[in-house]
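A.B. asks: this one's structure only:
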């Protein structure tokens, strides 16, 4: 297999030779500013001072932002980054090449020349779902995953962290604060921007100086542990102002809350970010965060929000199948600000019975001149299983023109431990958006069988699901464990219906009904909109012919 198939995201330009450099012993040197790239290489490969093979990490400000070059040949390996982040990404590409299987060497890289840089400045994830927040260990591993795949941003915004939303005024307890500090440090080690978000809109009195001071105090607490980038979220709150002082200050006309939200952002920028010398501007989520049309809220926000504030937006709706370049342009125009896509993919907090394991689809790849800063994907409660989809998000955001959802998904399945062993389940849970047919292929096969053909093909696909292993190791497989028996029973119901339709001896309608009841008893949803309608149609035909 081509070694490039093991690199996600796909590089811009790469040539691979036929010869290999064995990495059993390497001497690793580098520019002092590229210390994290050198550390990543040393951790993975070791550093043998007397080795003849040298890996040298350099910097060259003339490369595109976050870009790098990688050259591996008889003289050794040279990684050159536009800056520390670019050098780190070059190191990740080298390590991905070294992880590709080789029949001859235990660990090697092919001779190659790579020149690479990202398309979108902002590429990352936002832990912004409702439900059980990720554990500290899951977040730490997610940051390492992000670094491997050149995702440069992680936004801390779990809705059910009480100190993020319900109790936003209260400082974090010391133990919680220490864990946040570990996340900030790990993010820095992985060249991931750690964005700390607060969501005060459920209860904040926007005009109260004490409330504004409480917001700044909370930000100050996490500044002390290394946070340097902030977001204020005003999503999923009542659209009207709820406190009399705010109504008196901003009025009660439609969209008045936008003036309040803009005032809070302005105060935070002027009285917290500016005095602290923050390098990056504020990001905010408006209450009116979906759709592309102008509104009274957006008109006020455009007029009153500081010009450098980045606005998050979810697309033409809250959860969407397609987002076009025209959608992005219209949204930016409606807010009067540059936008970032808060992509509610592959999030499942609206239906915990489902998991979304397929690739990112329907996002425009022709974004020249589009005022889009980038994408932050909102993952599932299942942190490890989310990495299948998030790997494809990384592929999309880095190299738009080369993004092929099917091919990217193949790479993701290959790279996420356990995913390949559960491939039939992954395929059965790959549709997007949530309203789409859960499996167009199986739906078509079911229809074909009812019309008199394709029974062997349907039996084969259901057999793959029925044969799913229940003992796959790894975090993703543990998270998907309850979907495996659901898949087994759904496949069994479909196979029983096939037996009945084909007149298999001793298969009775009662047995098929029992199999369907067992399949539908699972909370975990695997093909619930595909197989049961087929089974019921088979039962109806059997009843009609009895």
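C.D. replies: Structure's in. What do you need? For clarity, every value in this text was computed on a predicted model and none was experimentally measured.

A.B. asks: In contact with the residue nearest to residue 33 when sequence neighbours are not counted, which residues?
C.D. replies: For residue 33, ignoring the flanking residues on the chain, the nearest one in space by C-beta to C-beta, 6 or more residues apart in numbering is residue 84 at 5.4 Å. Backbone N, C-alpha and C define where each C-beta goes, glycine included. Residues in contact with residue 84 (C-beta atoms under 8 Å, 6 or more residues apart in numbering) are 33-37, 59, 191.

A.B. asks: show me where pLDDT drops low in the stretch 251-400 of the chain?
C.D. replies: For the stretch 251-400 of the chain, no stretch has pLDDT under 70.

A.B. asks: For the stretch 301-450 of the chain, which segments count as helices?
C.D. replies: Per DSSP state H, counting those that start in this stretch, the stretch 301-450 of the chain carries helices over the ranges 325-335, 386-398, 405-415, 423-428, 440-450.

A.B. asks: Show me what the host helix or strand of residue 457 is in contact with.
C.D. replies: Here residue 457 sits within helix 455-466, counting by DSSP states H and E. Residues outside helix 455-466 that contact it (C-beta under 8 Å, 6+ apart) are 424-425, 428, 441-442, 445-446, 448-449, 487-488, 490-492, 494-495, 498, 501-502, 526.

A.B. asks: which among these end up buried?
C.D. replies: 424-425, 428, 442, 445-446, 449, 487-488, 490-492, 494-495, 498, 501, 526 (16 or more other C-beta atoms under 10 Å).

A.B. asks: what helices or strands is the strand or helix carrying residue 180 leaning on?
C.D. replies: Counting by DSSP H and E, the element that carries residue 180 is helix 174-189. Applying 3 or more C-beta pairs under 8 Å, 6 or more residues apart in numbering; DSSP states H and E, we find helix 174-189 packed against helix 35-45, helix 136-148, strand 153-156, strand 193-198, helix 209-223.

A.B. asks: what's the closest residue to residue 335 other than its chain neighbours in contact with, if anything?
C.D. replies: Nearest residue to residue 335 in three dimensions, chain neighbours excluded: residue 311, at 4.7 Å (C-beta to C-beta, 6+ apart). By C-beta under 8 Å, 6+ apart, the contact list for residue 311 reads 283-286, 301, 305, 335, 337-340.

A.B. asks: From these, pick the one nearest residue 90.
C.D. replies: residue 340 (25.7 Å; C-beta to C-beta).

A.B. asks: measure that closest one to residue 67 for me?
C.D. replies: 21 Å (C-beta to C-beta, to the nearest Å).

A.B. asks: Neighbour count: those two, which is higher?
C.D. replies: residue 340 (25 against 21; other C-beta atoms under 10 Å).

A.B. asks: all strands of the stretch 1-150 of the chain, in order?
C.D. replies: Here the stretch 1-150 of the chain has its strands, by DSSP state E, counting those that start in this stretch, at 13-22, 27-30, 54-59, 68-73, 76-81, 108-116, 122-127.

A.B. asks: now, of these, which is deepest in the fold?
C.D. replies: Of all the strands of the stretch 1-150 of the chain, strand 122-127 has the most neighbours on average by mean count of other C-beta atoms under 10 Å, namely a mean of 24.

A.B. asks: same for that strand, what does it pack against?
C.D. replies: The contact analysis (3+ C-beta pairs under 8 Å, 6+ apart) places strand 122-127 against helix 136-148, strand 153-156, strand 193-198, strand 372-377, helix 386-398.
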